[in-house]
Each structure stands twice: as structure tokens, then as C-alpha cells.
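> coords please:
(one chain, ligands or ions: 2)
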Amino acid sequence: MDDDSVFYKKLPKVELHAHLNGSVSAQTMEKLIQRKPHLDIERNMTAIGKDQRRTLDECFEVFKLIHKLVDTEEDIHTVATDVIKEFAVDNVKYLELRSTPREEKGTGLTKKSYVEAVIKAIQQCKYDEVDIDVRFLVAIDRRNGTEVAMETVKLAEEFMLSSGGLVLGIDLSGDPKVGHGRCLLPALERARNCGLKLSLHMSEVSSQLEESELLLNLPPDRIGHGTFLHPEMGGSQPLVDQVVKHNIPLEICLTSNVKGKTVPSYSQHHFRYWYQLGHPCVICTDDKGVFCTDLSQEYQLAASTFSLSRDAMWELSERAVDCIFAGEAVKQQLKQKWTEIKPGLLK
Ligand SMILES: CNc1ncnc2c1ncn2[C@@H]1O[C@H](COP(=O)(O)O)[C@@H](O)[C@H]1O
Ligand SMILES: [Zn+2]
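Ligands and ions are numbered 1, 2, ... in the order given. Model prediction:
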């Protein structure tokens, strides 16, 4: 490993935008494929390798395949445990995982047992003293419409109250070209009113302007992507003003956006715009398995693309702590960790 890779690996990090089934590593994928040989799925069908690009539509085809491989409680427990340990090895000290509860008639999986399997994996990792604080955001897949969204919020509410602080919020994700946020507003409002935090994928593609205006009125606690919010990308100044006024952090996923072809190149990524504004930006992976990356690589990529110093990157990772959904006590613990690590890393 070169000097920079070592630095970014050692840098303590916070990961706030990671979809569970998009984060499955090659090794774990092998295990799953061996469990289900009859599906005839090969590893190269579930990941987008170096220098490869896919349209966003093709990315969503990949998730369909992965969902076939992950369809029992045991599978979910396996992928969650492995993903958590991999983030920990990458020196991620705090992780908010998100995942869409699914029910699978064939295997007896229910949405409730799905969430339970994730929570058990988080608790097991804690018991095994894996050095990472993990929380869970329950995801709404936008394609499933009003009723499912409301059901999902109710499920998240239940677990928020019973999971000892592990379930903190709601993610809105799924194919951005399908469905409209308008139909999901009642569910999102309910979530907000009962104390669930909101991280919403917004303006991931250019056709979502009107939806973004609507969702920003909630307002969300964090924005996933926000690629097309600002005027240079066909968005608008009032949208930017609102994001700035409410100080809503942006979750930035460089490799995901370039490999999914919503952004033409790294140097044209909207991170530049928001970073120059001094707006809170958190570097994230989105789907480290599908896009063959990890959080260290994403930090290194941001540094090299935008010529940012190690000091600047340290500050980015430290400021990410302010954007987590866990409470003040957890933030203080994390800040303490950063303070202890700093002298050994930044000479
Ligand atoms: C690439 N950009 C993206 N945009 C929107 N939604 C995405 C996404 N990447 C992943 N997901 C969402 O996460 C699910 C997979 O993880 P889970 O089964 O929930 O753990 C996908 O089906 C999609 O709903
Ligand atoms: Zn995402």
C-alpha cells in the first residue's frame, strides 16, 4: 500500500450512507452463491468492477439478483455481520446501515424478522467487541407506494422504541425514476413527528426537481446525493438556499454516482460545489459491494480529485460526526476518539 492509502485507511471515519445489500463484499457473495448454486448467479454479475460503468437502471437489476441471494433470516444475519466487520476493519468507527425490509413467502422471512436479523447482527458484533458503533435506518423503497411506506414507518417506530436506540430513522431510496415523493409524504411526516430521523435520496436524477421542492419542506435531516439540486445542474437557487438555511448535510457518494453514470466524471461531481460553499458534506460509499469500493478509497478519491490536503480530509471526517443521527453523548465519545487518534496520524 502506498503512503496515501495507509493514511486514508488509518483515518477514523463515519459512514452514514450504506445500503446493506449493496455493501456485500466479494467474499460474502461467494458464501451466498455457494448456499444457492441453483440460482446460477456468478460473482461478476453482482458487482461493477474497476473502470466499468452501468446506467442506474442496470444497477437496479444488480440489486434484484442480490435480493435473490439474500432471502432468509440467516442470509441477512450473515451479510449484516460481515458488512459491519468489514467497515470496522476499514477504521469506520460509527456506521449507520440502511436496508429495506422484505418479506419472502418461500422462506418465511417477514419484514419484522428481517429487521430483527439486522438488529441481532448489530448486537452480536457489539458482544464480540468489534470496534464500531452501528445503528440502523429502515428503508422505504419508493417504488412500493403510499401504504407500504406507512407500514414501514410503523415498523421502524416499533423498533425505535424497542431496540435500545439502535433504530434511529428512515431512509427513502429505490429507483429514482419510479414513483413520486408526493405519495410518500404522509409516511415521512409521520416518521418525523414520532422522532424518527429522515435521510432522503433526493435529486439523484435530473427529473426530480418538483419532488425535491416538496421533500425539502419536511425538511429532511440529511440528503442522499442531491446531485441535481444546484443551478449548474439544472436545479435552482431557492432549493440551494433552503438546504443551506436548514443546514441539511449531503451524503456524497463519488464512485456510486460515476459508475451509475448520473455524474459524468469525478472532477465534475457536485461535491465541489457544496464543499466550496462550506456546506456540511459527508463522504460515503452507498454500495461498497456493488461499486467495488470502501470508505478509505472514497476519502482518497475525494482528496486526489479535488486536491485536498490531509488536514482538510481529517476535518471532513471529524465534521461528519456532527451529522450522525445518534445523540450528543455518542457524538462526544466519537470526538474523543478522533482527538486521541489525531497526534499519531497527522504529524
Ligand atoms: C445507486 N443509487 C441508489 N439509489 C437509490 N436507491 C439505492 C441506490 N443504491 C441502493 N439503493 C437501494 O438499496 C437497495 C439495496 O439495499 P437493501 O436491500 O435495502 O439492503 C436497493 O434495492 C435500492 O432500493
Ligand atoms: Zn443510496
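
> Show me the strands in the stretch 201-347 of the chain, by range?
Ranges of strands in the stretch 201-347 of the chain, per DSSP state E, counting those that start in this stretch, are 222-225, 250-252, 281-283.

> brain fart, the stretch 51-200 of the chain
Going by DSSP E, counting those that start in this stretch, the stretch 51-200 of the chain shows strands at 92-99, 133-141, 167-173, 197-202.

> and the first one, what does it pack onto?
Applying 3 or more C-beta pairs under 8 Å, 6 or more residues apart in numbering; DSSP states H and E, one finds that strand 92-99 makes contact with strand 13-19, helix 73-89, helix 111-127, strand 133-141, strand 167-173, helix 328-345. Every C-beta, even on glycine, is put in place using the N, C-alpha and C of the backbone.

> residues in the stretch 151-300 of the chain within reach of ligand 1, list them.
When proximity is defined as C-beta under 6 Å from any ligand atom, the stretch 151-300 of the chain approaches ligand 1 at 173-174, 201, 204, 256, 260, 286-287.

> can you put those in TSV and add pLDDT and neighbour count?
Shown next, in TSV, are these (pLDDT from 0 to 100; neighbours: other C-beta atoms under 10 Å):
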residue	pLDDT	neighbour count
S173	98	24
G174	98	18
H201	98	27
E204	97	24
S256	97	28
G260	96	25
D286	98	27
D287	98	27
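
> will you turn those into TSV that also has distance to G145?
Formatted as TSV, those follow (distance: C-beta to C-beta, whole Å):
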residue	distance to G145
S173	14
G174	11
H201	16
E204	19
S256	25
G260	24
D286	24
D287	23
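
> Leaving out the residues flanking it, which one is nearest to the residue in the stretch 151-300 of the chain that ligand 1 sits nearest to?
The stretch 151-300 of the chain approaches ligand 1 most closely through S173 (3.5 Å), counting by C-beta to the nearest ligand atom. Distance criterion C-beta to C-beta, 6 or more residues apart in numbering; nearest residue to S173, sequence neighbours excluded, is H201 at 4.8 Å.

> In contact with the one you found: list those residues for me.
H201 is in contact with 142, 171-174, 176, 223-225, counting by C-beta atoms under 8 Å, 6 or more residues apart in numbering.

> returning to that earlier point: what's the closest of the strands of the stretch 201-347 of the chain to V89?
Nearest to V89 among the strands of the stretch 201-347 of the chain is strand 281-283 (17.7 Å), distances taken as C-beta to C-beta.

> now the closest one: mean pLDDT?
For strand 281-283, the mean per-residue pLDDT is 99.

> coming back round to it: so can I have a markdown table of the strands of the stretch 51-200 of the chain showing distance to L65?
As requested, the strands of the stretch 51-200 of the chain are exported to a markdown table (distance: least, C-beta to C-beta, whole Å):
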| stretch | distance to L65 |
| --- | --- |
| strand 92-99 | 16 |
| strand 133-141 | 16 |
| strand 167-173 | 17 |
| strand 197-202 | 21 |
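
> can you count the residues close to V14?
Around V14 there are 25 other residues, counting by other C-beta atoms under 10 Å.

> wait, it sits on I283?
No: contact criterion C-beta atoms under 8 Å: V14 and I283 do not qualify, at 9.1 Å.
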